[in-house]
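Student: Sequence and predicted structure are below.
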Amino acid sequence: MRYRAAPLPGNGEAYWHAEPVTAALVAKLVAASKERDARVIGITGGIAVGKSTVAAALADALGIPTVSTDGFIKPDSGSRKGYAESFDASALVRFVDGYRATGVATAPRYSHLHYDVTSHDDIAGEGLVLDGLHLGHPLLGLRDRIDLLVHLDAPTDVMADWYLARFQQLRTTARDDPTAMLYPYRDMDPAALDGMAMQVWRDLNALVIDEEVRAFESEADVVVRLAADHAVITIETR
């Protein structure tokens, strides 16, 4: 059995990456969650590695909601967007603490298509799967609030390929959506657009992964290493 990427409710965007998640991986994460009686589960790792896809499959298996921390990125983060400092750590801590205390919360929903927060969701449940960058980074102050932290990793060049595939999907969708961030570039040569995206990868995303994401892999309870075909290479439990 395989779980496929599901659309986010309301905005039609798919959890990325749009590749199947094996039931075996989900079963192992469910077992680890139950073993630790985890109420808040974090799925972290590199950019475009599949955090939201795994989070959605795990949340579905556990019957609890999932929230992406992308909605907590500061709107004025500029060229530092994606680094740990670009997240509103105090708002994230208040959100997680409030949810743990009451079982209800309102979460901002980030749209990759619009490159911004587009709405808010009211969530409720006995647990939560939180997905996003830097969940083990001390600047966010979340590690002690996460009962089970899962780190996903793949070779950097593989993540670059997945990032480009996501970008290509977004630019195709943006051609028919005047509100999309890439809509003004709809008549630009696709190869040139892809080149711009990969420049962003080299100048920003790859640095974030090397300098800040992998640096805190040791904070994770479970590390999942993925191959280029999205197959699980190893699952390391700590």
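Tutor: Done, it's in. All values derive from a computational prediction rather than experimental measurement.
Student: what sits against the residue nearest to residue 217 when sequence neighbours are not counted?
Tutor: Nearest non-adjacent residue to residue 217, counting by C-beta to C-beta, 6 or more residues apart in numbering: residue 151, 5.1 Å away. Heads up, the C-betas are built off the backbone N, CA and C, glycines and all. Contact analysis of residue 151 by C-beta atoms under 8 Å, 6 or more residues apart in numbering lists 44, 45, 136, 217, 219, 220, 222, 223, 224.
Student: Now with 10 Å, please.
Tutor: 42-46, 49, 51, 135-136, 213-214, 216-225, 236, 238 (C-beta atoms under 10 Å, 6 or more residues apart in numbering).
Student: Kindly give a single ChimeraX line that selects the buried subset of the residues you listed.
Tutor: Per 16 or more other C-beta atoms under 10 Å, the buried members of these correspond to this ChimeraX selection:
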select :42,43,44,45,46,49,51,135,136,213,216,217,219,220,221,222,223,224,225
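Student: Okay, and which of the contacts of residue 151 map to strands?
Tutor: 42, 43, 44, 45, 222, 223, 224, 225, 236 (DSSP state E).
Student: What is the nearest of those residues to residue 68?
Tutor: Comparing the ones in strands among the contacts of residue 151 against residue 68 with C-beta to C-beta places residue 43 closest, at 9.5 Å.
Student: For the closest one, give me its contacts.
Tutor: Contact partners of residue 43, counting by C-beta under 10 Å, 6+ apart, are 29, 49-59, 66, 68, 129-132, 135, 146, 148-152, 220, 222, 224.
Student: and with 8 Å instead?
Tutor: Counting by C-beta under 8 Å, 6+ apart, residue 43 touches 51, 52, 54, 55, 58, 129, 130, 131, 132, 135, 150, 152.
Student: What residues of stretch 65-72 count as buried?
Tutor: 65, 66, 67, 68, 69, 70, 71, 72.
Student: Out of the ones in strands among the contacts of residue 151, flag the one nearest to residue 167.
Tutor: Distances from residue 167 to the ones in strands among the contacts of residue 151, taken by C-beta to C-beta, are shortest for residue 45, at 18.3 Å.
Student: where do the helices sit along this protein?
Tutor: Secondary structure of the chain, counting by DSSP state H: helices at 23-35, 51-62, 89-102, 156-174, 190-200, 206-208.
Student: for those helices, which one ends up most surrounded?
Tutor: Compared across the helices of the chain, helix 51-62 shows the largest average neighbour count, a mean of 24 (mean count of other C-beta atoms under 10 Å).
Student: Run the angle between it and strand 222-226 for me.
Tutor: Orientation of helix 51-62 against strand 222-226 (axes from the mean of the first three to the mean of the last three C-alpha atoms, to 10 degrees) gives an angle of 120 degrees.
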